[in-house]
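Student: Build the 3D model from these lines:
(one chain, ligands or ions: 1)
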Amino acid sequence: MSRATNFPKLSRSLSICFLLLITINAQAQRAKSSHQQGLKDAYKKYFPIGVAVALRNLHGDEAQLIKTQFNSITAENAMKMAAIQPKEGVFYWKDADSIISFAVKNGIKVRGHNLCWHEQTPDWIFKGADGKAVTKTVLLQRLKTHITRVVNRYKGKIYAWDVVNEAIDDNPNHFLRDSKWYQICGEDFIAKAFEYAHAADPVAKLYYNDYNTERPEKREQIYRLLKSLKDKGVPVDGVGFQAHWSLQEPDESALRSAIERYSSLGLKIQITELDLSIYPWEISKRMKRPDESDVFTAELENRQVAKYAMVFKVFREYKNVITNVTFWNISDRYSWLNEFPVMGRKNYPLLFDRNLQPKKAYWEVINFKNQ
Ligand code: 9MR
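Tutor: Numbering: from 1, shown residues only. Here you go, the predicted model:
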């Protein structure tokens, strides 16, 4: 009698326990997958998602975030010429090697940045023993030695290189930047840099990398350079849009026109240094003015969310030509834009906040309907 009357109760309790177990398990699964899923997973069918790193980012909470969110990395500074070859024949590999081993260990791809630039270039490369400028032949030989050593060392580990960085002048009345490379070699240094890199690693993809690639005047200058390289048979695979953008620019049509223009040359595009400053573009250094606010207001955040949503929508649409999207720094905790160009002014350009928590813009970038 008592057994018979207790049976429905027992069965109800068992069902409740069972349901409870299912719910707990589903919650655990969700927690696990949202922990393991990141930008890289959301964009698996599109392109790798990268981030620029320094050695200090490869330990602790930032390293964890990199592994969860990204599947490509770029050395923010460690592979630049001044860092790698501070004196002629003296190569400093330690930091770059550590970045490569972190990537290899965690199955992350590496973009190389960069082989030839007017900044972060050691002075010795332009000077002879007499302190005067070297000849074009000597400078090209030095460039060749540098590129050959660096590209060879990371052959098979670096899948794409920024070969020449920022060679176009900001002044639309001039074509090439009046750098020491240009003063000594004329425009030949550009083609030569690509040839040296290709000879050292015929498999690596080679990029010309610049900023403001979508401003019409600069776009046309870059187009002219790339077209002349292609016409001469120079091994250039694509153009890097640095994408140091802001709430003001680029607008959708400028971004689309730039992608269309360069890809009409048969070139691929990589977004190499993405961030979205909350301030308008400036290039000259200055101090923060006392009356200048650097608060990240809700209004600014909403505009940033909309901008990130727009640019990623366009990137997805052009997934056939865009082969990588890389952020320049991990989170708002550290961004080069916190000191540049306005010293002492905070910026909030990335998808993660100072505590490495996803910002609203992150969810906007990650939650999209398939296109
Ligand atoms: O983020 C880099 C910063 O730490 C360096 O001090 C700076 C030196 O000029 O270079 C920054 O990275 C630049 C990149 O190499 C090329 N495009 C512009 C980037 C931001 O200045």
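Student: Next, the contact list for Leu139, please.
Tutor: Ile125, Phe126, Trp181, Ile184, Cys185, Phe189 (C-beta atoms under 8 Å, 6 or more residues apart in numbering). C-beta: built from backbone N, CA, C; applies to glycine.
Student: Of these - the most surrounded one?
Tutor: Greatest neighbour count in the contacts of Leu139, by other C-beta atoms under 10 Å, goes to Trp181: 27 neighbours.
Student: How much space separates the spatially closest residue to Lys319 that is not a sequence neighbour from Leu206?
Tutor: Leaving aside its chain neighbours, Lys319 sits nearest to Tyr46 (4.6 Å; criterion: C-beta to C-beta, 6 or more residues apart in numbering). Counting by C-beta to C-beta, to the nearest Å, the separation of Tyr46 from Leu206 is 22 Å.
Student: neighbour-wise, which of these two wins?
Tutor: The residue with more neighbours, out of Tyr46 and Leu206, is Leu206; 23 against 19, by other C-beta under 10 Å.
Student: Now do the contacts for whatever residue of the stretch 251-371 of the chain ends up closest to the ligand.
Tutor: Of all residues in the stretch 251-371 of the chain, Trp336 sits closest to the ligand, at 3.7 Å by C-beta to the nearest ligand atom. The neighbours of Trp336, taking C-beta under 8 Å, 6+ apart as the test, are Glu76, Trp328, Asn329.
Student: Mind putting these into CSV with pLDDT and secondary structure?
Tutor: As requested, the contacts of Trp336 are exported to CSV (pLDDT from 0 to 100; DSSP: H, G, I helix; E, B strand; the rest coil):
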residue, pLDDT, secondary structure
Glu76, 98, coil
Trp328, 98, coil
Asn329, 98, coil
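Student: which stretches of this protein form strands?
Tutor: 49-53, 72-75, 109-116, 158-165, 205-210, 238-241, 244-246, 268-277, 286-287, 322-327, 342-343 (DSSP state E).
Student: related to what we said a few turns ago, from the contacts of Leu139, which single one is nearest Pro250?
Tutor: Within the set of these, Trp181 lies nearest Pro250; the separation is 27.8 Å, counting by C-beta to C-beta.
Student: surely the residue nearest to Lys319 meets Phe315?
Tutor: Yes. Tyr46 is within contact range of Phe315, at 7.3 Å (criterion: C-beta atoms under 8 Å).
Student: Mind listing the shared neighbours of these two?
Tutor: By C-beta under 8 Å, 6+ apart, the residues touching both Tyr46 and Phe315 are Ile322.
Student: who in the stretch 101-250 of the chain is up against the ligand?
Tutor: Within the stretch 101-250 of the chain, the positions near the ligand by C-beta under 6 Å from any ligand atom are Glu119, Gln120, Asn165, Gln242.
Student: Show the buried residues in the residues you listed.
Tutor: Buried members of these, counted by 16 or more other C-beta atoms under 10 Å: Asn165, Gln242.
Student: Need the residues of the stretch 101-250 of the chain next to the ligand in a markdown table (columns: pLDDT and distance to Glu62).
Tutor: Converted to a markdown table, these look like this (pLDDT from 0 to 100; distance: C-beta to C-beta, whole Å):
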| residue | pLDDT | distance to Glu62 |
| --- | --- | --- |
| Glu119 | 96 | 25 |
| Gln120 | 95 | 23 |
| Asn165 | 98 | 25 |
| Gln242 | 98 | 22 |
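Student: quick one: which two of the residues of the stretch 101-250 of the chain next to the ligand are the most distant?
Tutor: Gln120 and Gln242 (14.8 Å).
Student: excluding its backbone neighbours, what's nearest Met81?
Tutor: Spatial nearest neighbour of Met81, chain neighbours left out: Thr121 (4.9 Å); criterion: C-beta to C-beta, 6+ apart.
Student: Check whether the one you found really touches Gln85, as I assumed.
Tutor: No. At 9.7 Å, Thr121 does not count as touching Gln85 under the criterion of C-beta under 8 Å.
Student: More neighbours: these two, which one.
Tutor: When Thr121 and Gln85 are compared for neighbours, Gln85 comes out ahead with 22 against 19, by other C-beta under 10 Å.
Student: The more buried one reaches Ala96, doesn't it?
Tutor: No. Gln85 is not in contact with Ala96 according to C-beta under 8 Å; the separation is 11.2 Å.
Student: from the residues of the stretch 101-250 of the chain next to the ligand, which single one is nearest Asn71?
Tutor: Looking across these and measuring by C-beta to C-beta, the closest to Asn71 is Gln242, at 20.2 Å.
Student: which residues touch the closest residue to the ligand within the stretch 101-250 of the chain?
Tutor: Residue of the stretch 101-250 of the chain nearest the ligand, by C-beta to the nearest ligand atom: Glu119 (4.6 Å). For Glu119, the contacting residues are Glu166, by C-beta under 8 Å, 6+ apart.
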